[in-house]
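Chemist: turn this into a structure:
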Amino acid sequence: MNKTQLIVAAAAALLASSVAFAADEPPKFEVADKNGDGVVDAAEHKAAGLQFDFGNNDTDGDGTLNKDEYQAALDAECA
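Modeler: So this is what the prediction gives:
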């Protein structure tokens, strides 16, 4: 393998590992809020593949997660 091929292979491996790492991160609020209404509902939560419990994090009981509730859930999940 020549030097150029080695550099290209190393760059490809680095790119692939960074993509895999990014896929493990939960989506930002604006991405999870698919319809842009300022809240994440249960269907958007499920579609985003989020692992935290929706109901326990809906602290005001309105059936949606606002940005603060969403961030608090992510923070608690990472703690």
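Chemist: for Gly38, see how far away Lys67 is.
Modeler: According to C-beta to C-beta, to the nearest Å, Lys67 stands 7 Å off from Gly38. For the C-beta atoms, the positions are set from N, CA and C on the backbone; glycine is no exception.
Chemist: likewise for Ala72?
Modeler: For Ala72, the distance to Gly38 - C-beta to C-beta - is 16 Å.
Chemist: quick one: Leu50 and Lys28 touch, right?
Modeler: No - between Leu50 and Lys28 there is no contact under C-beta atoms under 8 Å: 11.7 Å.
Chemist: name the helix or strand for Asp75, please.
Modeler: For Asp75, the element it lies in under DSSP states H and E is helix 67-78.
Chemist: which residues does that helix contact?
Modeler: 26, 29, 32, 38, 40, 50-52, 57-60, 65 (C-beta atoms under 8 Å, 6 or more residues apart in numbering).
Chemist: can we see that at 10 Å?
Modeler: 25-30, 32-33, 38-40, 45, 50-54, 56-60, 62, 64-66 (C-beta atoms under 10 Å, 6 or more residues apart in numbering).
Chemist: buried sites along that helix?
Modeler: Glu69, Tyr70, Ala73, Leu74 (16 or more other C-beta atoms under 10 Å).
Chemist: and the last one, what pLDDT?
Modeler: Yep, that's Leu74 we're talking about. We have a pLDDT of 95 for Leu74.
Chemist: just name the shakiest helix or strand of this protein by mean pLDDT.
Modeler: One helix or strand of the chain scores below all others by mean pLDDT, DSSP states H and E: helix 3-24, with a mean of 65.
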